[in-house]
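> Just to be clear, the model below is a prediction. Sequence and coordinates:
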Amino acid sequence: MTSVIASTRFSVLDRSRIRAGHDGPAALRDTVAFAREAERLGYHRFWVSEHHGVPGVAGSAPTVLAAAVAAATSTIRVGTGGVMLPNHQPLVVAEQFGVLEALFPGRVDMGLGRSVGFTGGIRRALGRGKDDADDFAGQLTELLGYFDGTQTAHPQVHARPAEGLRVPAFVLATGQGAALAASAGLPLVIANVRGEDAMLRAVDDYRDAFRPSAWSERPHVVLSGTVAVAATTGAARRILLPEAWSTAYSRTRGEFPPLSPAEEIEARAMTDRERGLYEEALRGQLYGTEDEVADALEKLLSRSAADEFLVTTSTYDRAAMLDSYRRLARLAGLGGGGA
């Protein structure tokens with residue numbers, strides 16, 4: 001274990017991915033069971049995500065699922081990664097998180113994104129359009145104002161029981177998210193999806209532009225990404241294959257299929273386009289033995305000076321996934337990682 005890793009918090013984001021041969025309800029129950037294991041292993045937060053009408057993903061109502069996770073655990077922080085604010089009225093989001101914080105005081109996080117439904121049909125069903133994401137800054141200001149009593153968009157309207165409660169807010173860095181997080185004085189969650197150089201530039205820009213607020217006195221950076229740890233490098237790479245193929249499939253057919261076993265994917269005959277997208281999805285992922293992953297994390301965390309790492313690994317083989325999280329907890333020196 002190295003000093004940089006030892007001083008970094010590690011957390012979990014679970015997307016409630018559906019596995020081949022299973023259904024959505026099973027995926028949600030798996031998420032709740034996974035949260036209990038993440039708590040036992042010593043992870044700092046457990047977040048869930050929002051996806052509407054997406055085949056292969058069961059997590060459509062993150063605040064509802066977060067309540068189930070919080071009820072099944074006792075110490076780990078619970079939240080969203082994230083609620084897509086343009087899909088909702090800020091008052092409703094404030095009320096939902098106010099209820100969560102009232103029921104589970106001191107354990108709730110409010111991760112917020114600016115994406116809208118990914119198809120026209122879903123956006124129409126939500127009563128939203130693509131341009132609704134353009135006013136994310138205004139929606140964010142209104143939402144936060146319901147907690148501290150400063151919102152002016154709807155005078156005389158109060159969010160109950162949110163007003164007066166403190167729920168830490170985080171901004172997911174999609175599009176202009178990093179700049180918005182800096183101007184609002186909020187922690188930033190950023191993924192290494194456009195390459196490490198681009199990610200590091202965005203982090204530097206965020207820190208340079210950060211304006212202290214009542215919500216956060218200093219910049220706070222949460223890196224998110226996939227990490228797979230196993231007894232061998234090859235076994236760790238196999239953990240990544242189901243999600244990589246699902247990503248490639250989605251970019252050629254417009255939907256995420258259930259996660260398939262790695263051996264089925266390895267035997268699959270792919271088109272040149274599918275193969276290219278598949279290999280692209282595997283690039284930039286952290287995987288290997290505990291020593292290999294520790295070395296890679298040490299370098300990434302040193303370069304970014306991140307405060308926290310949000311692990312987003314999912315795969316078909318649930319036992320292999322849980323073993324990977326156990327190994328990561330051990331190399332990071334988390335409280336339950338030695339089990």
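Looks like it came in fine.
> P90 reaches F147, doesn't it?
No: the pair P90 / F147 is not scored as a contact, 10.5 Å apart, by C-beta atoms under 8 Å. C-beta here means a position set from N, CA and C on the backbone, and glycine is covered the same way.
> okay, now L240: neighbour count?
Around L240 there are 22 other residues, counting by other C-beta atoms under 10 Å.
> which phi and psi does it have?
phi -80, psi -20 (degrees, to the nearest 10).
> and it, what pLDDT?
On pLDDT, L240 comes in at 97.
> That one reaches R283, doesn't it?
No: between L240 and R283 there is no contact under C-beta under 8 Å: 10.5 Å.
> So in this protein, where's the weakest helix or strand by average pLDDT?
Across the helices and strands of the chain, mean confidence by mean pLDDT, DSSP states H and E is lowest for helix 120-126: a mean of 77.
> Next, the buried residues of that helix.
I122, R123, L126 (16 or more other C-beta atoms under 10 Å).
> now do the same end-to-end measure for stretch 73-80.
15 Å (C-alpha to C-alpha, to the nearest Å).
> Mind listing residues that contact it?
11, 35-36, 38-39, 43-50, 62-63, 66, 69-70, 100, 104, 107-112, 170 (C-beta atoms under 8 Å, 6 or more residues apart in numbering).
> Which among those residues count as buried?
For the contacts of stretch 73-80, buried by 16+ other C-beta under 10 Å: 11, 35, 38-39, 43-50, 62-63, 66, 69-70, 100, 104, 107-112, 170.
> Let's see which of these end up in strands.
Among the buried ones among the contacts of stretch 73-80, the residues falling in strands (DSSP state E) are S11, R45, F46, W47, V48, V108, D109, M110, G111, L112, F170.
> Show the backbone phi and psi for the closest residue to the fourth one other than its chain neighbours.
On the basis of C-beta to C-beta, 6 or more residues apart in numbering, the spatially nearest residue to W47 that is not a chain neighbour turns out to be G81, at 3.7 Å. Here the main-chain torsion angles of G81 (degrees, to the nearest 10) amount to phi -140, psi 60.
> So G81 sits against I190, correct?
No: between G81 and I190 there is no contact under C-beta under 8 Å: 11.7 Å.
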